[in-house]
Structures are given as structure tokens and as C-alpha cells.
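K.L.:
sequence first, then the predicted structure, then my questions.
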Amino acid sequence: MNSALKSPPLVRPLWAQMPACDWFGGRPRTEENFGGSAGCLTGPMLMSDELSRLHEIVHERLIYNARNLHGERAADLVANVPLAEYHTVCDRLNHSKMLTKTGRILRDSDIREIKQMSIFDEFRRAFGSVRLSDEDNIGFEQICMRVARPQRTEDVGFLHCDSWFWRHHEWPLPEGLNRTKVWIGLDVKPELNGLVLCPRSHLKNYDFKVSNLGYKIKFDPDFDTSELTYETFPGRSGEAVVFNYGTLHVGKLNQAAQSRTSIEFTLLY
């Protein structure tokens with residue numbers, strides 16, 4: 001994808017670090033104003049012990065899914081390899097069933113623990129009081145994990161903005177609240193398997209079509225995507241990217257030798 005900018009320079013260098021209090025550029029804290037002219041920015045970094053704990057949480061969820069779907073022998077199979085090596089055993093598992101949307105949502109107790117981590121201090125500085133979305137109405141706030149195996153196109157999804165899901169499913173936004181998306185790579189090599197975003201795409205409303213893939217839906221852009229500018233978030237493992245709910249994005253095909261793991265969630269404020 002072409003990473004050259006095709007429009008006037010950004011007001012600030014893309015991916016420059018900004019104090020959380022400046023994330024709205026002095027404008028009112030609304031969904032439309034988040035992220036400045038680019039609509040995406042570098043967020044806070046997990047501390048090393050927090051990153052290690054998140055590896056454990058995601059690994060534990062995968063082990064639980066394997067046990068729930070295939071039994072104790074499958075759980076041991078997943079438990080006995082590092083998280084980044086999950087792809088070396090997944091051919092003996094039903095990966096798509098293990099990682100349905102429900103299977104990707106972390107446990108309530110884990111989510112409450114994550115919300116006590118240092119990154120949420122920065123989110124509160126930026127947004128004030130925050131909570132996480134529960135658009136699937138499961139009864140508690142949601143943080144989702146993702147595992148992208150090497151060279152597997154089905155693991156990285158499709159170009160979209162998150163507002164499309166809410167529009168298609170007609171999920172109600174709680175009155176008086178705004179949305180912003182957070183993505184954190186836990187095992188990531190940005191140049192080989194990072195998250196790709198389209199700066200400034202939040203400034204336009206794009207149409208889409210919906211395809212049914214059986215176990216999930218797929219959005220197809222109903223516009224000329226060649227006009228977009230693509231940028232890969234260069235953050236290290238444990239570093240967050242925070243972006244406008246209208247910013248187009250897609251996971252990069254994992255061309256690394258290891259599995260890419262990440263978490264994502266929607267902040268409501």
C-alpha cells in the first residue's frame with residue numbers, strides 16, 4: 001500500500017506523542033473532534049509487567065476456549081506453547097470456532113483488572129470519566145483479543161470503520177456519550193503485521209455494502225479506495241493507537257514468523 005501522503009501536510013507529524021490533555025486540540029470533547037486532522041494518534045504505553053500480565057490473560061483465554069471446545073488434551077496443547085507460537089498447534093484445533101466474537105471477549109474479572117492498569121490513567125486525563133462499550137449486550141464491558149496467524153488472510157479482517165458495525169446492527173449509543181477506539185499490539189512487528197489506518201478518512205462519510213460469510217458479516221467499501229492514504233501504526237508491543245470512530249483501518253497480513261496478538265476496545269465518555 002502506498003504510504004505517501006496525497007494531501008496537504010498534517011498539522012502535526014503523524015504518530016507524534018501528544019499529552020493526553022491535547023488529544024482534542026482544545027476543542028470540545030466530542031466524537032467528531034477526537035484525533036485532530038489525522039483522526040488517529042499514538043496513545044499510552046503499557047508498563048513491562050502490565051504487558052506480561054496481558055500476555056497471560058490472552059493465553060489463559062485461548063486455553064479456556066480450547067478446553068471448552070475440544071477438551072483437556074487440546075487445552076494442554078495450547079498451554080504448552082508460548083502465545084506467539086499458537087499457530088504451531090492450531091491445525092489440531094477449530095480456530096474459527098475458538099475465536100468467534102464471543103470467544104474473543106475477555107472475562108469480566110480480567111477486564112476489571114486491565115482497567116486498573118496505568119494506560120487508563122492516561123485515558124481518564126484525555127476523556128474524563130470513561131467506561132467501555134458492551135455493544136453485544138453480554139452484561140459487562142468488553143475488551144476483545146485477536147490472534148493473527150502467519151500468512152492467514154482470514155485472520156486480519158477487512159477495511160472498515162467501527163461506526164459501520166453500529167450502523168448495521170443498530171446498536172444504540174447511550175445518550176450523551178461519545179466513542180473512541182483503542183488498539184494495542186501485544187506481540188507485534190509493525191512493518192510485518194501491524195495495524196493499517198487511513199489518516200483523515202474520518203472527515204468523510206463512506207458508504208458500504210454488507211456480505212454474509214456464514215459465521216460473520218463482511219463490509220465491502222462502496223467507494224473508490226484508491227483515493228485513500230494508508231499508514232501503518234509504528235508502535236511497539238504494548239503501545240496503544242487511539243483513533244476516531246470514523247477512521248478507516250484494517251489489520252495488516254501477518255508476514256512475521258510468529259502469531260500477532262492484540263487487544264481492542266471502545267472507550268465511552
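P.N.:
Received the coordinates, thanks.

K.L.:
so Gly103 touches Asn94, yeah?
P.N.:
No. In this structure, Gly103 is not within contact of Asn94 by C-beta atoms under 8 Å, at 10.4 Å. For every residue, glycine as well, the C-beta is placed using N, CA and C.

K.L.:
neighbour-wise, which of those two wins?
P.N.:
Gly103 (17 against 13; other C-beta atoms under 10 Å).

K.L.:
remind me which residues of this structure are low pLDDT?
P.N.:
1-12 (pLDDT under 70).

K.L.:
what about the residue lying farthest from the centre of it, which SS state?
P.N.:
Largest separation from the mean C-alpha position in the chain: Arg73, at 30.5 Å (C-alpha atoms, centre = their mean). Following DSSP: H, G, I helix; E, B strand; the rest coil, we place Arg73 in the helix state.

K.L.:
quick one: end-to-end distance for stretch 38-55.
P.N.:
Using C-alpha to C-alpha, to the nearest Å, the end-to-end distance of stretch 38-55 comes to 30 Å.

K.L.:
and Met117, how many neighbours does it have?
P.N.:
16.

K.L.:
all helices for this protein, in order.
P.N.:
Using DSSP state H, the helices of the chain run over 48-70, 72-79, 95-98, 101-104, 108-114, 119-127, 163-169, 190-193.

K.L.:
can I get those in a markdown table including distance to Asp222?
P.N.:
Formatted as a markdown table, the helices of the chain follow (distance: least, C-beta to C-beta, whole Å):
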| stretch | distance to Asp222 |
| --- | --- |
| helix 48-70 | 34 |
| helix 72-79 | 39 |
| helix 95-98 | 27 |
| helix 101-104 | 24 |
| helix 108-114 | 35 |
| helix 119-127 | 32 |
| helix 163-169 | 11 |
| helix 190-193 | 28 |
